[in-house]
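Undergrad: need a 3D model of the following:
(one chain, ligands or ions: 3)
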Amino acid sequence: MAAVPTLLLVSLLCGLFAYRCDGACAEVDSDTEAVAGRGFKLGCISCKRRSEVEGSATIEWHFKPDGESDFLHIYSYNENGPTIENEVFMDRIDWNGSKRSNDIQDASIYLFNVTFNDSGTYRCIIDRILTYDNYEHNDIINKLVHLTVVAKATRTTASIVSEVMMYVSIIGLQVWLLIEMIYCYRKIAAAGEEALREAANAEYLAIASESKDNCAGVQVGE
Ligand SMILES: *[C@@H]1O[C@H](CO)[C@@H](O)[C@H](O)[C@H]1NC(C)=O
Ligand SMILES: *[C@@H]1O[C@H](CO)[C@@H](O)[C@H](O)[C@H]1NC(C)=O
Ligand SMILES: *[C@@H]1O[C@H](CO)[C@@H](O)[C@H](O)[C@H]1NC(C)=O
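TA: Residues are numbered from 1 along each chain as shown. Ligands and ions are numbered 1, 2, ... in the order given. Below is the predicted model:
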């Protein structure tokens, strides 16, 4: 899966900048394709602009089945804890969001045993109160997730193409590196031989001219 190298990269970066990633909030979009019979995490993350401002939030999830026009209230999460509000989802939703805090930035939920009837639009509503020194600010954030339920996991062409490209580029780079190494090695070896030959020639010439001079000297001296 193309997601794996990305995850690896992210965790590597997080390892490098641990102090930054620690507790940091990132607004990752939800997946939108669920497989029938399996579980699915409906993601909904809303980061506070300024993490130091104290906040508290309550969450509602609504659902509009494909082909219908109205949203149904299916789930709430507030100071009283989680509540499933709709018969169809009874015992099928679990909280996957921020834990042990009223300051909810991750309002994701987990859907068990997804059926084809779960296809449709999900809306998560985060009702947040930010507490400043002298006043409170109320922020309501809406996010939509269009869920498609499929019989088997399908892969988008984009993810297949990106995976193939990844392997091509990795192998291509290795081969290129190898060729470059061989080429450089040969060039250096050839240059070395050339230099040796030149040095030998130069020495030979020097000796030759020296002996010629000597001979000339001898002749002059005669
Ligand atoms: C979400 O909740 C489900 C069910 O409780 C659990 O299996 C899953 O590991 C949770 N995922 C995350 C990311 O918390
Ligand atoms: C999912 O469905 C199966 C069969 O219908 C049932 O046995 C199982 O308990 C269900 N799981 C959950 C988490 O509801
Ligand atoms: C899906 O919806 C149809 C029509 O409302 C209903 O007959 C059927 O039993 C539902 N299936 C499941 C798995 O809930």
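Undergrad: in a strand, G192, correct?
TA: No: G192 is assigned helix when assessed by DSSP: H, G, I helix; E, B strand; the rest coil, not a strand.
Undergrad: for this protein, what's the longest strand?
TA: The longest strand of the chain (DSSP state E) is strand 136-150.
Undergrad: let me see the mean pLDDT of that one.
TA: Strand 136-150 carries an average pLDDT of 95.
Undergrad: what is it packed up against?
TA: Packed against strand 136-150 by the contact rule (3 or more Cβ pairs under 8 Å, 6 or more residues apart in numbering; DSSP states H and E) you find strand 33-35, strand 40-42, strand 120-131. In this view, the C-beta of every residue, glycine as well, is placed from N, C-alpha and C.
Undergrad: go again using 10 Å as the cut-off
TA: strand 33-35, strand 40-42, strand 54-65, strand 120-131 (3 or more Cβ pairs under 10 Å, 6 or more residues apart in numbering; DSSP states H and E).
Undergrad: distance of the nearest residue to C47 once chain neighbours are set aside from A195?
TA: Computed as Cβ to Cβ, 6 or more residues apart in numbering, the closest residue to C47 that is not its neighbour in sequence is C25, at 3.7 Å. In this view, C25 and A195 are 61 Å apart by Cβ to Cβ, to the nearest Å.
Undergrad: neighbour-wise, which of these two wins?
TA: Taking neighbours as other Cβ atoms under 10 Å, C25 and A195 compare with C25 leading, 13 against 10.
Undergrad: next, that one: secondary structure please.
TA: Going by three-state DSSP: C25 is coil.
Undergrad: quick check: it touching S46?
TA: Yes: with contact defined as Cβ atoms under 10 Å, C25 reaches S46; the gap is 8.4 Å.
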